[in-house]
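K.L.:
Provide a 3D model corresponding to the input given below.
(one chain, ligands or ions: 1)
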Amino acid sequence: MRGLLPLLVLIAVALLAGCENPLELDRDTEIAIGRDAAAQLEAKYGVVDDAAGQRRLDYIGARAAAASQEPSFPWSFKILDSKEINALALPGGFVYVTRGMLDYVENDDQLAGVVAHEVVHVDHHHAKAGIEKAMTQSLLVELVTRKSSRTIKQAAGIALELELREGYRDKEYESDQFGTLYAFRSGYRADGLRQLLSRLHEDKGDPARITWILQSHPPLSKRVQRLDEYVGELTGTGGG
Ligand SMILES: [Zn+2]
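P.N.:
Just a heads-up that it's a prediction; the model follows:
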């Protein structure tokens, strides 16, 4: 019996090999995983009931989503009940800023910058590769072919774990750049995210804020430096 399951998986993989990218998560599955992960996240932290803050976030979020490559995703933007200065995104369009972040930003340009950064993680499908890599091939085959709620839940747990523990570290420059573009296209200042990252960099001595700083990789100074150049290109002032 022990040898049978791997053999069946091998057969399933062989059968699927005729399809194009048989083990790639499709759009509906990606959304289902994100929705489940969002429910797990909200159960863990809770969502803040702040009508004014929510209106502000909805307005900014809708504009950033409209500027993205996936405007038809079921986008939602919520305030997570945490004092940590943070923002996160789950596959399929589930974006969160923490209460700490909402208190920290000085203006809508900065908020639009960080929200649009998260929108890029979603619309460039940054979690997908991580989920596909983290899940065993057998589980992924089951997910792609049968989409049982058990495997969706399992994949959602992995997606959440990846985002909370690691973030999308190798994708930060990309999200900074496209996030800046989306915020700018939405009518906000091009340097909103740059302002925010620069302030976080200067505030890094504050222990209440250090978690976010440490999680952030590559270093904030490098991200600010790159944004300096890009904002310059975008607005035609300086940079190159
Ligand atoms: Zn990021």
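
K.L.:
and Ser82, helix, strand or coil?
P.N.:
coil (DSSP: H, G, I helix; E, B strand; the rest coil).

K.L.:
separation between it and Gly113?
P.N.:
Distance, Ser82 to Gly113, using CB to CB, to the nearest Å: 20 Å. Heads up, the C-betas are built off the backbone N, CA and C, glycines and all.

K.L.:
out of the two, which sits in the busier spot?
P.N.:
Counted by other CB atoms under 10 Å, Ser82 and Gly113 do not tie: Gly113 has more neighbours, with 30 against 17.

K.L.:
For that one, give me the pLDDT.
P.N.:
Note for Gly113: predicted pLDDT of 98.

K.L.:
Run through the residues that contact it.
P.N.:
Gly113 is in contact with 179-180, 183, 188, 192-196, counting by CB atoms under 8 Å, 6 or more residues apart in numbering.

K.L.:
Tell me which of those fall in helices.
P.N.:
With DSSP state H as the criterion, helices contain 179-180, 183, 192-196 from among the contacts of Gly113.

K.L.:
Looking at the residues you listed, spot the one nearest Arg63.
P.N.:
Of all these, Ala183 has the smallest distance to Arg63: 8.4 Å, by CB to CB.

K.L.:
neighbours around that closest one, how many?
P.N.:
Residues lying near Ala183 (other CB under 10 Å) number 30.

K.L.:
Can you check which helix is longest in the chain?
P.N.:
What stands out as the longest helix in the chain, according to DSSP H, is helix 27-45.

K.L.:
ok, Val144 to Gly192 distance?
P.N.:
For Val144, the distance to Gly192 (CB to CB) stands at 39 Å.

K.L.:
and what of Leu234?
P.N.:
Here Leu234 is placed at a distance of 12 Å from Gly192 (CB to CB).

K.L.:
Of those two, give the one with the bigger neighbour count.
P.N.:
For Leu234 versus Gly192, neighbours defined as other CB under 10 Å are more numerous around Gly192 (28 against 17).

K.L.:
where does the residue most central in space within the chain land in three-state SS?
P.N.:
For the chain, the residue lying nearest the average C-alpha position, counting by CA atoms, centre = their mean, turns out to be Ala89 (2.9 Å). Three-state call for Ala89 (three-state DSSP): strand.
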